[in-house]
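Chemist: Just a sequence and a predicted model for now, questions to come.
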Amino acid sequence: MSTTATAHTNIALIKYWGKKDPILNLPTTSSISLTLEQFYTQTTVTPNTHSDQLILNNLSVDTTRTHHFLNILREQLGHFSPLTVTSTNHVPTSAGLASSASAFAALTGAVTRELGLIRSNESLSRLARRGSGSASRSLYGHFAVWHEGVDDISSFAESLHAPDMPIALVVAEVSSDVKKVSSSEGMRRAMTSPNYGDWLNQSKNQFVDMQAAVMAKDIEKIGSIAEDNALSMHALNLTARQQAFTYFTSETQQILNIIQDIRHQGLLAFATIDAGPNVKIITTLTTAPHVVAALHDKLPQLHIETATSGSGITYD
Ligand SMILES: Nc1ncnc2c1ncn2[C@@H]1O[C@H](COP(=O)(O)OP(=O)(O)OP(=O)(O)O)[C@@H](O)[C@H]1O
Ligand SMILES: C[C@@](O)(CCOP(=O)(O)OP(=O)(O)O)CC(=O)O
């Protein structure tokens, strides 16, 4: 007896970068994301008689975070026996490409189904949030919104019910090495920046503007707001009072410069960056090949993949 679920990663256009409650994973801001079709996690859970185990990409790996999360699910859903979690990430792990988002969404779905429970995606999003905040948004396809909320009940994600649009995300993979500063630790440091309060206010306005841009299918506006939001998030890391840091490498900066150049040449291209050096370029389906060509022209070795809007959680 086993159950399999597949969830796609999502890229935040309005970022989650700070926790008002680290135990419940309550964020300091509401966030908006785009789910990606080409990057996903497939997870199978099988009961065993020994202990929780995680087999990730065919390797037996450290189970601490998974075990901790399964215990939260036991608390919330009722006791269940130890599980062998067999998971494949079709996305680099721990490289700021949101493997934890698809991972914890898929795990939440698989466990709930295995227990024979039928829960709404909203309720699953609240559970997934406890594993990794960004996972709350990965239950949904296309554009999702995670409402920051004030407690466990009110902090959930839902679909934005956005219209279809020809949006694409060009992922420039600078490095798939495991990052040195985890998202949780990065947020903790960023919150010590003297600019953090201003960032919260700015994010509130950008959240409203982003929703309007998404509903208007205005990809240029979506890109422009997302780039502003992301760059100011990374400015917090640099200005942290405690252990200031950056996820940027010289290649990250080079890619940002190329994006600026091609934008001046008239191409629709805006950058967003998460907890790692990789750059995701928001563009249109027809412009994406030109963005890829411009990047390869200057950086021939760069690993690039183009992603499109993806679907919500599915079960086998
Ligand atoms: N398929 C999986 N099943 C269970 N746990 C996973 C899986 N994939 C990743 N994880 C857990 O998530 C951690 C990676 O999460 P982390 O938030 O640090 O990085 P990320 O998700 O790649 O990047 P981001 O900060 O953009 O979300 C891994 O160390 C592992 O504990
Ligand atoms: C920069 C981000 O990608 C941060 C994601 O952080 P995580 O969701 O990985 O953090 P934890 O809740 O501590 O697991 C922005 C975002 O996805 O909103």
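Modeler: Received it, and whenever you're ready, just let me know what you need. Residues are numbered from 1 along each chain as shown. Ligands and ions are numbered 1, 2, ... in the order given.

Chemist: from here on, contacts and neighbour counts on C-alpha atoms
Modeler: Fine.

Chemist: what about the residue in the stretch 201-316 of the chain positioned nearest to ligand 2, distance to P194?
Modeler: The nearest approach of the stretch 201-316 of the chain to ligand 2 comes at D274, 3.9 Å away (C-alpha to the nearest ligand atom). Distance of D274 to P194, given as C-alpha to C-alpha, to the nearest Å: 21 Å.

Chemist: of those two, who's got more company?
Modeler: Using other C-alpha atoms under 10 Å, the more surrounded residue of D274 and P194 is D274, with 25 against 13.

Chemist: helix or strand for S154, which one?
Modeler: For S154, there is no host helix or strand (DSSP states H and E).

Chemist: That one and ligand 1, how far apart?
Modeler: Distance of S154 to ligand 1, given as C-alpha to the nearest ligand atom, to the nearest Å: 22 Å.

Chemist: got the contact list for that residue?
Modeler: Residues near S154 by C-alpha atoms under 8 Å, 6 or more residues apart in numbering: H147, E148.

Chemist: Which residues of the stretch 101-250 of the chain lie near ligand 2?
Modeler: On the criterion C-alpha under 6 Å from any ligand atom, ligand 2 has as its neighbours in the stretch 101-250 of the chain the residues S132, G133, S134, S183, S184.

Chemist: In helices, which of these appear?
Modeler: Among these, the members found in helices (DSSP state H) are S183, S184.

Chemist: Now tabulate the residues of the stretch 101-250 of the chain next to ligand 2 in a markdown table and tack on pLDDT and distance to P27.
Modeler: Listed next are these as a markdown table, based on pLDDT from 0 to 100; distance: C-alpha to C-alpha, whole Å:
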| residue | pLDDT | distance to P27 |
| --- | --- | --- |
| S132 | 97 | 11 |
| G133 | 98 | 8 |
| S134 | 98 | 10 |
| S183 | 94 | 12 |
| S184 | 96 | 11 |
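
Chemist: Show me which of the residues of the stretch 101-250 of the chain next to ligand 2 are buried.
Modeler: S132, G133, S134, S183, S184 (16 or more other C-alpha atoms under 10 Å).

Chemist: for the stretch 101-250 of the chain, what spans make up the helices?
Modeler: Counting by DSSP state H, counting those that start in this stretch, the stretch 101-250 of the chain has helices at residues 121-131, 183-190, 196-215, 219-238, 250-264.
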